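K.L.:
the following comprises the amino acid sequence and a computationally predicted model.
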Amino acid sequence: MDRRHFVLACGIAPLLGSCVRYHFVPGVVESGRVVVPRTAFAAFPYALVETPGLRFPIFVHQSAPGEFSAVLTRCMHRGCTVEPGDGRLVCPCHGSEYSHLGEVLKGPTERGLIRFPVQVDERNVYILDVQRGAA
Ligand code: FES
């Protein structure tokens, strides 16, 4: 069964809000790493990977064929969940912005997102050291 799913979130005020489609994927933990099938990126360049043991999803982005990065979606300012939007990750709480690599683009945060090493083969993306995101 294909367990990929989407969440459609829309702004409350029609003039302000446009609908954003968040692409969630369940992560499977194997041998201490999170495995995500590459098919999860067939229609979207990113996935929000929900991982057992982690309170925040991992944002996995494919910047070019076979080139992936992974960051925890926990804002380093005060711990809200950052969201994908307009080529960056945006915190809805106080407006911090991060690149897809977790670099700070706009404060108030002063620290980048937690970034995870990634390995790739023909079938899967492997996210390593995910225990760093459990704190
Ligand atoms: S918690 Fe993200 S900007 Fe404050």
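P.N.:
Right, received. Where do you want to start?
K.L.:
residue numbers of this structure in contact with the ligand?
P.N.:
Applying Cβ under 6 Å from any ligand atom, one finds that the chain approaches the ligand through Cys75, His77, Arg78, Gly79, Cys80, Cys91, Cys93, His94, Gly95, Ser96, Pro108, Thr109. In short, each C-beta sits where N, CA and C put it, glycine included.
K.L.:
only whichever of those are buried, select them in PyMOL.
P.N.:
Burial among these is assessed by 16 or more other Cβ atoms under 10 Å; the matching PyMOL selection reads:
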select buried, resi 75+77+91+96+109
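K.L.:
first-to-last residue distance for stretch 35-53?
P.N.:
14 Å (Cα to Cα, to the nearest Å).
K.L.:
so for stretch 34-41, what gets flagged as buried?
P.N.:
Within stretch 34-41, judged by 16+ other Cβ under 10 Å, the buried ones are Val34, Val36, Arg38, Ala40, Phe41.
K.L.:
what of stretch 50-70?
P.N.:
Of the residues in stretch 50-70, 50-51, 54, 56-62, 68-70 count as buried by neighbour count, 16+ other Cβ under 10 Å.
K.L.:
closest one of those residues to Val120?
P.N.:
Distance to Val120 across the buried residues of stretch 50-70 (Cβ to Cβ) is lowest for Phe68, with 5.8 Å.
K.L.:
who's in contact with the helix or strand encompassing the closest one?
P.N.:
Assigned by DSSP states H and E, Phe68 belongs to strand 67-72. Here strand 67-72 makes contact (Cβ atoms under 8 Å, 6 or more residues apart in numbering) with 49, 54, 56, 58-63, 89, 98, 100-102, 113-118, 120, 125, 127, 132-133.
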